[in-house]
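Peer 1: Turn this into a model:
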Amino acid sequence: MYAISLGDDGAELRPLEPWHAEEFLAHLDRGREFIGQYIPFGSAATDVASARELLQRYADNRAADTGSLHGLWLEGRLVGGVLFLNFDAAQGNCEVGCWLEPAGTGRGLVTRAMRLLIDWAVEERGIHRVEWIAASANEPSVNGARRLGMTRDAVLRESFPYRGVRHDMEVWSVLAPDWRATCAGTSD
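Peer 2: Numbers count the residues shown, from 1 in each chain. From the prediction side, this is the model:
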């Protein structure tokens, strides 16, 4: 398959496939509390079989062209990932997301990987609108959307009940013309 270098620090973007289930589970276990602060991603993966099931679901989404999962490896160790939670090429819309264990934070991995995903979605697949949705309290995620040049479209007040708290959710987006302008180093 592919392994795309994300820079000189040994970081790579690779497919995250069902055969990675053991490695994926070990990664989730290392960062479960950190990852789960604001999102339930991976919470149902508690053993190899359930980890494989989650990865298979995303492999099926990739095959159906409705979503995909990509791992972030740092010096050969899985430390997080980026994904298309949903992908609708016919409508020209998609939603991206990310997660990291603590060992992957503060290195710009998500920003570098997400630039590749968004660029591919816009330039190769004709996606017009890319969304990023994050809890307002999840400052690293909100800052990630900002670093990518996204615009905050809305705050959905107390719309996401999670772990006994109703979280405000921020909807961020970038449109294809804005993305191209950002990539070209210009803005309107």
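Peer 1: Can I get the top helix by length along the chain in PDB? Just the C-alpha atoms.
Peer 2: Scanning the chain for the longest helix, with DSSP state H as the assignment, gives helix 48-64. What follows is helix 48-64, C-alpha atoms only, in PDB (Å, rounded to 0.1, in the frame of the first residue of the first chain):
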ATOM      1  CA  VAL A  48      -8.700  -7.500  19.000                       C
ATOM      2  CA  ALA A  49     -12.000  -8.700  17.500                       C
ATOM      3  CA  SER A  50     -13.800  -5.400  18.200                       C
ATOM      4  CA  ALA A  51     -10.800  -3.400  17.000                       C
ATOM      5  CA  ARG A  52     -10.800  -5.400  13.800                       C
ATOM      6  CA  GLU A  53     -14.600  -4.900  13.400                       C
ATOM      7  CA  LEU A  54     -14.100  -1.100  13.700                       C
ATOM      8  CA  LEU A  55     -11.300  -1.100  11.100                       C
ATOM      9  CA  GLN A  56     -13.400  -3.400   8.800                       C
ATOM     10  CA  ARG A  57     -16.300  -0.900   9.000                       C
ATOM     11  CA  TYR A  58     -14.000   1.800   7.700                       C
ATOM     12  CA  ALA A  59     -12.600  -0.500   5.100                       C
ATOM     13  CA  ASP A  60     -16.100  -1.200   3.900                       C
ATOM     14  CA  ASN A  61     -16.800   2.600   3.900                       C
ATOM     15  CA  ARG A  62     -13.700   3.100   1.700                       C
ATOM     16  CA  ALA A  63     -14.900   0.400  -0.700                       C
ATOM     17  CA  ALA A  64     -18.300   2.100  -0.800                       C
END
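Peer 1: quick one: average confidence on that helix?
Peer 2: Across helix 48-64, pLDDT averages out at 97.
Peer 1: Now do that helix: which elements does it pack against?
Peer 2: Judged by 3 or more Cβ pairs under 8 Å, 6 or more residues apart in numbering; DSSP states H and E, the packing partners of helix 48-64 are helix 21-35, strand 68-74, strand 77-88. C-beta: built from backbone N, CA, C; applies to glycine.
Peer 1: In that helix, which residues are buried?
Peer 2: For helix 48-64, burial by neighbour count (16 or more other Cβ atoms under 10 Å) applies to 51, 52, 54, 55, 58, 59, 61, 62.
Peer 1: Please apply the same query to stretch 132-147.
Peer 2: Neighbour counts using 16+ other Cβ under 10 Å place 132, 133, 134, 135, 136, 138, 141, 142, 144, 145 of stretch 132-147 among the buried residues.
Peer 1: who does the fourth one bridge with?
Peer 2: In this structure, residue 135 has beta-bridge partners residue 169, where bridges are defined by DSSP bridges.
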